[in-house]
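1. 3D, please:
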Amino acid sequence: MPDTPTPATMHKHPGGGSAATAGPPGAGGVAKPAGERGRTALAVGVVEKIAGMAAREVAGIHALGSGLARTFGAMRDRVPGGKPSVGRGIKAEVGEKQTAIDIALVVEYGVVIPELARQVRENIINAVERMTGLEVVEVNIAVNDVHLPDEPEYEEEEVPETPPGQRPKLK
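-> Have a look, this model is predicted:
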């Protein structure tokens, strides 16, 4: 899939210069409304974040991503200055007018998975279409695990802090 165009690369002329519009201002000498002049390019990460936030709004989801992605994400989140990834577990393909989304998730024990998947799919489609104007052609959901109530959380384990310049003590 080609990289998402940037505003600077969208309107290049063959002579090397760029302009806000290419050609006449409108068809037949009639100028287009101001809101229709130019194009809007959405990065894949934008769609992934919107989908991630929409999925988290549905009750019954324990986490997003596969076990390996969650483990690496938890380690990345602990790095000073690191930020949690809202789009973890989400992959999107973004075109000019359409998008397709794949999501991996872990559900809570006891939820009805087909109903949860329907709610997640509806929430993602509504949020992405409303916020981006793109048509969501599909939302593929992979349920990778079921979280049991008595299962320990790797992501919630506390890591003892060591003063700068000292090695952590091994157990």
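2. did I read that right, Thr51 in a helix?
-> In this structure residue 51 is Ala, not Thr. Yes. Judged by DSSP: H, G, I helix; E, B strand; the rest coil, Ala51 forms part of a helix.
3. Check the protein for its longest strand and report it.
-> strand 135-147 (DSSP state E).
4. Identify the residues contacting it?
-> Contacting residues not belonging to strand 135-147 are listed as 51, 62-63, 65-67, 97-109, 113, 117, 120-121, 124-125, 128-129 [Cβ atoms under 8 Å, 6 or more residues apart in numbering]. Glycine gets a C-beta too; all of them are placed from N, C-alpha and C.
5. could you pull out the strands for this structure?
-> 61-64, 90-94, 98-108, 135-147.
6. Of the ones you listed, give the one that comes closest to Val44.
-> Across the strands of the chain, Val44 has its closest neighbour in strand 90-94 (5.2 Å, Cβ to Cβ).
7. Just want the angle from the closest one to strand 98-108.
-> 170 degrees (axes from the mean of the first three to the mean of the last three Cα atoms, to 10 degrees).
8. Any idea which helix or strand in this protein has the lowest mean pLDDT?
-> Here the helix or strand of the chain ranked lowest by mean pLDDT, DSSP states H and E is helix 67-78, holding a mean of 48.
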